[in-house]
Structure formats: structure tokens, C-alpha cells
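Asker: missing the sequence, but the structure's below:
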């Protein structure tokens, strides 16, 4: 058996703690899993002719579902900060899926934004010294991308997608909150790792923590509920 002090969260000792945390938060885990079952079954229904817009949206919705599943795997191990970034990704994909379902013309902005970012990265990599760091054939391809004329159509921001999808509150409250809580390298994200003592000194810790599980599972459940409702509407429209 590997101990937590040796291997951390992948250790067999941490694995044994999963059952304890699941029992302690049984109702919340059960709610999320019921929603996951419903979301998975609904996506697999093929009783209609799907449009391109619907299928692109479903692609993002599936990524949302996958991220929610990933969050559950992290949460059940009591990982303090890691779930936040995965839950935030779930909301990003939810925003995009619902925006595309509501406004099919946004597909062009998504595509344009993708190519703009590719070009931007290629330009930055060339400036950062890619010629001495990658094989010649790879550098030639990178330089070719860097010299491409960027699309004139601006990309679709996550905020704009959230607004179109009807998620302004979720963006401002949950999405931004997840960034502050631990999706980014914020001071708040250190709450479960560094603690100030009464004498002004600091102690460090690295262990399973149940302190955020209720909030994290609630956000996952809310994301799934909202996505399932919007997916059903989009499915009916084809």
C-alpha cells in the first residue's frame, strides 16, 4: 500500500478515503450522478435529423459533461483546489454550446477565433526562439502559420457566449468565483495549503480536505441541470 505522504492523491491510502467522503456527502453525489445519467442518455437519443449547429453544440455539451465527470473524480478524493479549473471548463463549454444553439451564426466567430489564436501562438513561438527549439520541418510549418493573415471576424469570448446563452449571472457569480477560488493561481487558492498561525508563522499542509465539497458538487449539479434543459430545447428544434 502506498501512503498519502509518499504519493499524495494517487496513493492507495487516498483511494480508501473516497468511500468515506462519498458517504459523508451521499445526497450531493447522488444528485450529480442522477443528472449525469440523464445527460448521457439524452445525448445518445437519435430520434431526429440533427443539424450542423446542433451537432457542434452537442460537441461542447459533451465536453461539459466530461468535465463534470472529471470534477466528480477529483472531488471524491477531497482534492482542495484541482476541481475548480475542471468545473470552470464545464461552464465554458456550457456557455459555448448554448450560445451556438441559440445563434447558429456564431459558428463563424468560433472558427475565426480559433484561427486567430493559432496565428497568435505561432507568431509568439517564432519570437520566443522556436527555430532553435523545434525540428526544421516543424519550424517551417510554424513560420507558415505565423505569416498567415488573421481572420477579420473577431472571436467569441466566453462572456459574450454566456450572455447569448442566458448565463450572465452564472458568468459573473460562478465562473468568476471559480477563478478566484482556485482555477487560477490566486491567493485564495492557497487556503488549504498554507495557514497563518496565531504567532504570525505559517504552516503548510497537503492532505484531503472536505471543506469545499458541498460547494463544488452544487456547482457541478447546477451546470448539468441548466445544460440538460437547454440541450432538450435544442434537440427538439433539431
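Answerer: Sure, I can see it. Just so it is clear, the model here is predicted, and its values are computed rather than measured. Residues are numbered from 1 along each chain as shown.

Asker: tell me who's in contact with residue 85.
Answerer: Listed by CB atoms under 8 Å, 6 or more residues apart in numbering, the contact set of residue 85 reads 178, 182-184. The way it works is simple: take the backbone N, C-alpha and C, and place the C-beta from them, glycine included.

Asker: buried among those? Make that a ChimeraX selection.
Answerer: Restricted to buried positions by 16 or more other CB atoms under 10 Å, the ChimeraX selection for these reads:
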select :178,182,183
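
Asker: nearest to residue 8, of the contacts of residue 85?
Answerer: Checking the contacts of residue 85 against residue 8 with CB to CB, the nearest one is residue 182 at 16.6 Å.

Asker: need the pLDDT of that closest one.
Answerer: pLDDT for residue 182: 94.

Asker: can you count the residues close to residue 208?
Answerer: By the criterion of other CB atoms under 10 Å, residue 208 has 19 neighbours.

Asker: now it: which helix or strand?
Answerer: Following DSSP states H and E, one finds residue 208 outside all helices and strands.

Asker: grab the nearest non-local neighbour of it.
Answerer: Using CB to CB, 6 or more residues apart in numbering and skipping residues adjacent in sequence, the residue nearest residue 208 is residue 78, 3.2 Å away.

Asker: list phi and psi for that neighbour.
Answerer: phi 70, psi 20 (degrees, to the nearest 10).

Asker: any idea how far residue 216 is from it?
Answerer: According to CB to CB, to the nearest Å, residue 78 and residue 216 sit 10 Å apart.

Asker: also residue 204?
Answerer: Applying CB to CB to residue 204 and residue 216 gives a distance of 22 Å.

Asker: among the two, which residue is more densely surrounded?
Answerer: Neighbours were counted for residue 204 and for residue 216 using other CB under 10 Å; residue 216 has more, 26 against 8.

Asker: each with direction, which strands does the helix or strand bottoming out on mean pLDDT in the chain pair with?
Answerer: In the chain, no helix or strand scores lower on mean pLDDT, DSSP states H and E than strand 194-196, which sits at a mean of 87. With DSSP bridges as the test, strand 194-196 is paired with strand 202-204 (antiparallel).

Asker: the helix or strand following the partner strand packs against which elements?
Answerer: Per DSSP H and E, the first helix or strand lying C-terminal to strand 202-204 is helix 213-237. Helices and strands touching helix 213-237, as assessed by 3 or more CB pairs under 8 Å, 6 or more residues apart in numbering; DSSP states H and E, comprise helix 26-44, helix 52-75, helix 82-102.
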